[in-house]
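S.K.: Just a sequence and a predicted model for now, questions to come.
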Number of protein chains: 2
Amino acid sequence: MKTLKIIKIGGNIIDDAVVLDDFLKAFSKIEGPKILVHGGGKLATKLAHQMGVKVNMIDGRRITDAATLDIITMVYAGKINKSIIAMLQAQQCNAVGFTGADGNTIESVQRPVKDINFGYVGDVQKVNTETTNLLLAGNVTPVFCAITHNTKGQLLNTNADTVASELAIGFAELYHTELYYCFEKSGVLIDVSNEDSVIEKINNNNYQDLKNQGIIADGMLPKLENCFHAIANNVQKVCIGKPEMLFNSNSKFTTIQD
Amino acid sequence: MKTLKIIKIGGNIIDDAVVLDDFLKAFSKIEGPKILVHGGGKLATKLAHQMGVKVNMIDGRRITDAATLDIITMVYAGKINKSIIAMLQAQQCNAVGFTGADGNTIESVQRPVKDINFGYVGDVQKVNTETTNLLLAGNVTPVFCAITHNTKGQLLNTNADTVASELAIGFAELYHTELYYCFEKSGVLIDVSNEDSVIEKINNNNYQDLKNQGIIADGMLPKLENCFHAIANNVQKVCIGKPEMLFNSNSKFTTIQD
């Protein structure tokens, strides 16, 4: 089995043109099949303000009404995704931009209303790898933004970490699949203010302890849940850290294990 | 050689949700390899007004400064393209959205400044069919918006009719290629107010006469130039008319011939 690397980047890379450019130059040199997944960064909120559309976040999650979905589609699938594609082409990395609707790659259902109506937010149901894999087999790099669809014509806003983990799980049938979550820290830190306190391995045994001690909390909780979900579903390797973990063998990062 | 149909739709279809839905339902039933090319419609101008970005048109062409290019990328490659993809998936037509940057499919150069500085507007230099053809061979339908790139990281606004004709010329090496320009009239009309006055065939012989008589004028001139450019470069069939020309064998339309 060939190795497929699925790499997710977030706002700390996307929101800084110089950092993004440096990252994409390094990313383009990664050999073998690879998929990039990107979040949205601050641009969607900025555009919403410009257009007079109210931004409504609950627990760090965006309430997605029709106007907000339009903004997200324009920013994620338009501006950010296509800028990344153009920059990768400039590095001779042949890339094609995707939402989960393209190639019917990621099928979702709109999140049911319980206490909160999240609006046009999708929970992933199924990944179809056929179309994306035509491109991977042709040495083309798919670049996914965090939008999926319900197969009935409706686009849905979907968490980018989840898009990455579900893609990794979907491709684990075809490839030895590795999932890398790039963010602003060197991994899961014992002391959030100390970049040298990286926990190198997290498994089901120490995960509960780390949660009980409050070391893994807040935004790290859903990220870790995505990691364990991937590891439990045949993804071979899951790592969290700075992008350097991909390029520099001396850098420290966190590996999630079964 | 298989037949490839390249179909371009413009604002009269894109700007009306019901018309677009009907068109895509019919389009999805077209058998064999096909490519859809869409223009931008009125949405980019509407968004520009919402964002307070000045719209500057000269001879019907949009002056594209950096802010306008962002708007075009968001609207064409984001909102319109991805809505079309989701709607096609709902019709079981497996589709993937493209700009000319995706798959490095359409290389352009920024238009040189002569009397007018058009800004980030691209003139097509080269079409690379490899990536798109991986998808066509896998029974996937590429959907192009009217954006290209300069291969150095810069996206460029490009006329949608030109994108369609250049794609048709590029694919003429691989397929028996047919190019269909769908617009609001039943073809080139002798009397613009009479839909029954369709000129069924235009060739190099009667083209000059039609221009001299003022029957082909204004916006039809660049459209016809694109048609003749395609016919002169191995595209097998070029037609102009209402979308019905694709679906109804009794409908009248204009065929451009050598």
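M.R.: Ah, there it is. From a predicted model like this one, the values you see are computed outputs, not experimental measurements.
S.K.: thought residue A:95 was touching residue A:86?
M.R.: No. Using Cβ atoms under 8 Å, residue A:95 is not in contact with residue A:86; the gap is 9.1 Å. All C-beta atoms are positioned from the backbone trio N, CA, C, and that covers glycine.
S.K.: Up against chain B, what does the stretch 151-258 of chain A have?
M.R.: Neighbours of chain B within the stretch 151-258 of chain A, by Cβ under 8 Å from any Cβ of the partner chain: A:151-155.
S.K.: Provide a ChimeraX selection command restricted to the buried entries of those residues.
M.R.: In ChimeraX, this line selects whichever of those come out buried by 16 or more other Cβ atoms under 10 Å in any protein chain shown:
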select /A:151,153,154,155
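S.K.: Residue A:96 - nearest residue in space that isn't next to it in sequence?
M.R.: Using Cβ to Cβ, 6 or more residues apart in numbering or on different chains and skipping the chain neighbours, the partner closest in space to residue A:96 is residue B:102 (4.4 Å).
S.K.: my bad, residue A:182
M.R.: Of all residues not flanking residue A:182 in the chain, residue A:243 sits nearest, at 4.5 Å (Cβ to Cβ, 6+ apart).
S.K.: so how far is residue A:94 from the residue nearest to residue A:96?
M.R.: 9 Å (Cβ to Cβ, to the nearest Å).
S.K.: what secondary structure does the residue of the stretch 151-258 of chain A found nearest chain B sit in?
M.R.: Using Cβ to the nearest Cβ, residue A:153 is the residue of the stretch 151-258 of chain A that sits closest to chain B, at 3.8 Å. Three-state call for residue A:153 (DSSP: H, G, I helix; E, B strand; the rest coil): coil.
S.K.: Excluding its own residues, what touches the helix or strand encompassing residue A:169? List them.
M.R.: Using DSSP states H and E, residue A:169 falls within helix A:160-171. For helix A:160-171, contacts defined as Cβ atoms under 8 Å, 6 or more residues apart in numbering or on different chains pick out A:4, A:6-8, A:10, A:35, A:37-40, A:100, A:105-106, A:124, A:127-129, A:133, A:144-146, A:148, A:177-179, A:181, A:222-223, A:226-227, A:229-230, A:233-235, A:238.
S.K.: Sitting in helices, which of those do you find?
M.R.: Judged by DSSP state H, those include A:133, A:222-223, A:226-227, A:229-230 as members of helices.
S.K.: Dump those to a markdown table, plus distance to residue A:52 and neighbour count.
M.R.: Formatted as a markdown table, these follow (distance: Cβ to Cβ, whole Å; neighbours: other Cβ atoms under 10 Å in any protein chain shown):
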| residue | distance to residue A:52 | neighbour count |
| --- | --- | --- |
| A:133 | 42 | 20 |
| A:222 | 30 | 15 |
| A:223 | 32 | 21 |
| A:226 | 34 | 25 |
| A:227 | 38 | 27 |
| A:229 | 38 | 16 |
| A:230 | 39 | 27 |
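S.K.: Quick check: the two most widely separated of those?
M.R.: Greatest spacing in the ones in helices among the contacts of helix A:160-171, by Cβ to Cβ: A:133 and A:222 (27.8 Å).
S.K.: In contact with residue A:120: list those residues for me.
M.R.: A:64-66, A:68-69, A:110, A:154-157.
S.K.: In strands only, show me those residues.
M.R.: Residues of the contacts of residue A:120 located in strands (DSSP state E): A:110, A:155-157.
S.K.: Could you say which of these is surrounded by the most neighbours?
M.R.: With neighbours taken as other Cβ atoms under 10 Å in any protein chain shown, the top of these is residue A:156, carrying 29 neighbours.
S.K.: host element of the nearest residue to it once chain neighbours are set aside?
M.R.: Spatially, and ignoring its direct neighbours in sequence, residue A:156 is nearest to residue A:122 (2.9 Å; Cβ to Cβ, 6+ apart). Taking DSSP H and E as the criterion, the element that holds residue A:122 is strand A:122-127.
S.K.: Just want the angle from that strand to helix A:160-171.
M.R.: Angle of strand A:122-127 versus helix A:160-171, following axes from the mean of the first three to the mean of the last three Cα atoms, to 10 degrees, is 10 degrees.
S.K.: which residues are contacting strand A:122-127?
M.R.: A:100, A:105-111, A:148-150, A:156-158, A:162-163, A:166-167, A:169-171.
S.K.: about what we covered before: my guess is the residue nearest to residue A:96 contacts residue A:85. True?
M.R.: Yes. Under the criterion of Cβ under 8 Å, residue B:102 makes contact with residue A:85 at 5.5 Å.
S.K.: Tell me which of these two has more neighbours.
M.R.: Legend: neighbour count by other Cβ under 10 Å for residue B:102 and residue A:85, higher for residue B:102 (34 against 30).
S.K.: per-residue confidence for the more buried one?
M.R.: Residue B:102 carries a pLDDT value of 99.
S.K.: which residues touch it?
M.R.: A:82, A:85, A:95-97, B:131.
S.K.: Of those, which belong to helices?
M.R.: Secondary structure from DSSP H places A:82, A:85, B:131 of the contacts of residue B:102 in helices.
S.K.: Give me the pLDDT for residue A:71.
M.R.: 97.
S.K.: which strands and helices sit next to the helix or strand containing it?
M.R.: Here residue A:71 sits within helix A:66-72, counting by DSSP H and E. Under the contact criterion of 3 or more Cβ pairs under 8 Å, 6 or more residues apart in numbering or on different chains; DSSP states H and E, helix A:66-72 touches helix A:43-51, strand A:155-157.
S.K.: got the contact list for the first one?
M.R.: Going back to what we said before, that points to helix A:43-51. Contacts for helix A:43-51 (Cβ under 8 Å, 6+ apart): A:14-15, A:54-55, A:62, A:67-68, A:71-72, A:74-76, A:79-80, B:47, B:50-52, B:74.
S.K.: Pull the contacting residues for the closest residue to residue A:91 other than its chain neighbours.
M.R.: Take residue A:91 and drop its neighbours on the chain: the residue closest to it by Cβ to Cβ, 6+ apart is residue A:28, 3.7 Å away. Counting by Cβ under 8 Å, 6+ apart, residue A:28 makes contact with A:88, A:91-93.
S.K.: biggest separation within these, which pair?
M.R.: A:88 and A:92 (8.6 Å).
S.K.: how about the residue of the stretch 51-200 of chain A at minimum distance from chain B, phi and psi?
M.R.: Nearest residue of the stretch 51-200 of chain A to chain B (Cβ to the nearest Cβ) works out as residue A:78 at 2.6 Å. Here is the backbone geometry of residue A:78 (degrees, to the nearest 10): phi -90, psi -90.
S.K.: Skipping adjacent residues, who's closest to it in space?
M.R.: Residue A:78's closest residue in space is residue B:78 (Cβ to Cβ, 6+ apart), at 2.6 Å.
S.K.: now swap in residue A:222 and tell me
M.R.: Nearest to residue A:222 is residue A:161, by Cβ to Cβ, 6+ apart, at 6.8 Å.
S.K.: host element of residue A:108?
M.R.: Per DSSP H and E: strand A:106-110 holds residue A:108.
S.K.: The residue nearest to residue A:3 when sequence neighbours are not counted - how many residues pack around it?
M.R.: If the residues on either side of it in the chain are set aside, residue A:3 comes closest to residue A:176, at 4.6 Å by Cβ to Cβ, 6+ apart. Residues lying near residue A:176 (other Cβ under 10 Å) number 15.
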